[in-house]
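Trainee: any chance you could fold what I've pasted below:
(2 chains)
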Amino acid sequence: PLSPQTRAARVRAGKGDKMVTYEQAHAPHHIGHRKGWLSLHTGNLCGEAGAAQRALEDAFLRQFLFGTFPGLLADEVVLKRRGNLLVICALLGRALPPHKLYFLLGYAETLLGHFYKCPVRLELQTVPARVPYKYL
Amino acid sequence: SLMGARLAGSHGVTQEPKTNPLVSVSDEPETLYKRLSILVKGHDKAVLDSYEYFAVLAAKELGISVEKVDKPPKTIERLTLLKSVHIYKKHRVQYEMRTHYMCLELKYLTSSTAAVYLEYVQRNLPEGVAMEVKKTKIEKIPEHIRKPVWDTLPPVEEKVKS
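Mentor: Residues are numbered from 1 along each chain as shown, chains lettered A, B, ... in the order given. The predicted structure follows:
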């Protein structure tokens, strides 16, 4: 049973003007029940190695994408690893014209491919606005 | 009327039968497998269930007999760590990592069937899921133990007790 004093990944109730997405509204103990996983790899399974390296790569990738798409990320980035291939699925807003988005896509793919020495595929989707789940 | 028509049996030069470069035919006998055991591990039970449906369907389509589909109980690895960076030993945080398993056992395969099935099933392995494969080979009994030893030895004369 959780203590009411835990602060991890929780958005506290406010005046009703703060918009919160489905991902942000649910606390970490809902992972596997109401939430899915944001980063899918085999490092954390029983008898598998490489959890720390994957965690470091994930942290770097999220910060990198936050910087290459300034103010455009609508929700958290989902990272999937299939063998050697790294698939990054991101939801973006529509502030930039498509040709600029394509340039940033190619730039991110080649740079990350050379950095991590593995094929990187970036799958982008634009949404008109962030989808609100609740107003807290 | 019949100008330029290609009539059956009227070609002058016969073509050689087309050989598919991906299919290889060899004369050496194939290794036979009694059992092919595939253990799939994952964090999400729903993903494993859908993968089980997919693997069983693929085996049925290829004509491979499925011996059984076993679901061993999940293992939970728990960690209790200190909540704070510096002191506060009494306040801790607990994490757990759940690993669900699904074991698929297939009977009586040849090595080429096993190669094809494993390649297909491994290419479609979902992310976040790990697989371990164990193969049980069938071999012929070696020459030196085919016949029992007492048949090959010369008969021993019985000693007469006085």
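
Trainee: now do the contacts for the closest residue to residue A:132 other than its chain neighbours.
Mentor: Computed as C-beta to C-beta, 6 or more residues apart in numbering or on different chains, the closest residue to residue A:132 that is not its neighbour in sequence is residue A:19, at 4.6 Å. Yep, even glycine has a C-beta here, placed from its N, CA and C like the rest. For residue A:19, the contact set (C-beta atoms under 8 Å, 6 or more residues apart in numbering or on different chains) comprises A:130, A:132, A:135.

Trainee: does the first one really touch residue A:74, like I thought?
Mentor: Read it as residue A:130. Yes: counting by C-beta atoms under 8 Å, residue A:130 sits close enough to residue A:74 to count as a contact (4.9 Å).

Trainee: okay, whatever residue of chain A ends up closest to chain B: pLDDT?
Mentor: Minimum separation of chain A from chain B (C-beta to the nearest C-beta) falls at residue A:40, amounting to 3.5 Å. If you check residue A:40, the pLDDT there is 92.

Trainee: residue A:81 too?
Mentor: With respect to pLDDT, residue A:81 scores 92.

Trainee: make sure it is actually in contact with residue A:54.
Mentor: Yes: counting by C-beta under 8 Å, residue A:81 sits close enough to residue A:54 to count as a contact (7.4 Å).

Trainee: what's the longest strand in chain B?
Mentor: Ranked by residue count under DSSP state E, the longest strand found in chain B is strand B:92-110.

Trainee: what's near enough to touch the residue nearest the centre of chain B?
Mentor: Averaging the C-alpha coordinates of chain B gives a centre point, and the residue nearest to it by C-alpha atoms, centre = their mean is residue B:36 (4.1 Å). With contacts defined as C-beta under 8 Å, 6+ apart, the neighbours of residue B:36 are B:105-106, B:109, B:114, B:117-118, B:133-136.

Trainee: check residue A:23 too.
Mentor: Neighbouring residues of residue A:23 by C-beta under 8 Å, 6+ apart: A:35, A:38, A:75-76.

Trainee: looks to me like it is in a helix.
Mentor: Yes: with DSSP: H, G, I helix; E, B strand; the rest coil as the criterion, residue A:23 is located in a helix.

Trainee: center of chain A - which residue?
Mentor: A centroid search over chain A (C-alpha atoms, centre = their mean) returns residue A:77, at 2.0 Å, as the residue closest to the centre.

Trainee: and the closest residue in space to that residue that isn't next to it in sequence, bridged to which residues?
Mentor: Taking C-beta to C-beta, 6+ apart as the measure, residue A:77 lies nearest to residue A:90, with 4.8 Å between them; neighbours along the chain are not counted. For residue A:90, the beta-bridge partners under DSSP bridges are residue A:124.

Trainee: wait, doesn't residue B:133 sit right on residue B:121?
Mentor: No: Residue B:133 sits out of contact with residue B:121 when judged by C-beta under 8 Å, with a separation of 9.4 Å.
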